[in-house]
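Visitor: below: sequence and its predicted model.
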Amino acid sequence: MGSVIEMTARQKEIVEIIKVDCKISYRTMAKKLNINGSAVKKHLNILRKKGVLKRVGGTRGHWEVQDGRKG
């Protein structure tokens, strides 16, 4: 119970960006982080598998942070 989900510094950055703008596109995230879009997609897929993020809706949907922890 209450186990900590391990995330890289980059993954933590992505989660913080999504907390500010849940409708942000992966392309915009890539520009903000100065990395390529495929790297963002890879991080997003890992975060979804870990149960940290959930995508609601399709391309016009939004992200939900699922970890339930503050900060």
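Guide: Received, thanks.
Visitor: name the helix or strand for Ala30, please.
Guide: helix 26-33 (DSSP states H and E).
Visitor: check which residues of that helix are buried.
Guide: Tyr26, Met29, Ala30 (16 or more other C-beta atoms under 10 Å). Backbone N, C-alpha and C define where each C-beta goes, glycine included.
Visitor: show me what it is packed against.
Guide: Secondary-structure packing of helix 26-33 (3 or more C-beta pairs under 8 Å, 6 or more residues apart in numbering; DSSP states H and E): helix 9-20, helix 37-49.
Visitor: can I get these in JSON lines with distance to Trp63?
Guide: Formatted as JSON lines, the helices and strands packed on helix 26-33 follow (distance: least, C-beta to C-beta, whole Å):
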{"stretch": "helix 9-20", "distance to Trp63": "5"}
{"stretch": "helix 37-49", "distance to Trp63": "8"}
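Visitor: would you mind giving those as JSON lines with mean neighbour count added?
Guide: Listed next are the helices and strands packed on helix 26-33 as JSON lines, based on neighbours: other C-beta atoms under 10 Å:
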{"stretch": "helix 9-20", "mean neighbour count": "15"}
{"stretch": "helix 37-49", "mean neighbour count": "15"}
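Visitor: distance to Gly61 and mean pLDDT added to the ones you listed, as a markdown table?
Guide: Output for those, formatted as a markdown table (distance: least, C-beta to C-beta, whole Å; pLDDT from 0 to 100):
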| stretch | distance to Gly61 | mean pLDDT |
| --- | --- | --- |
| helix 9-20 | 12 | 97 |
| helix 37-49 | 13 | 96 |
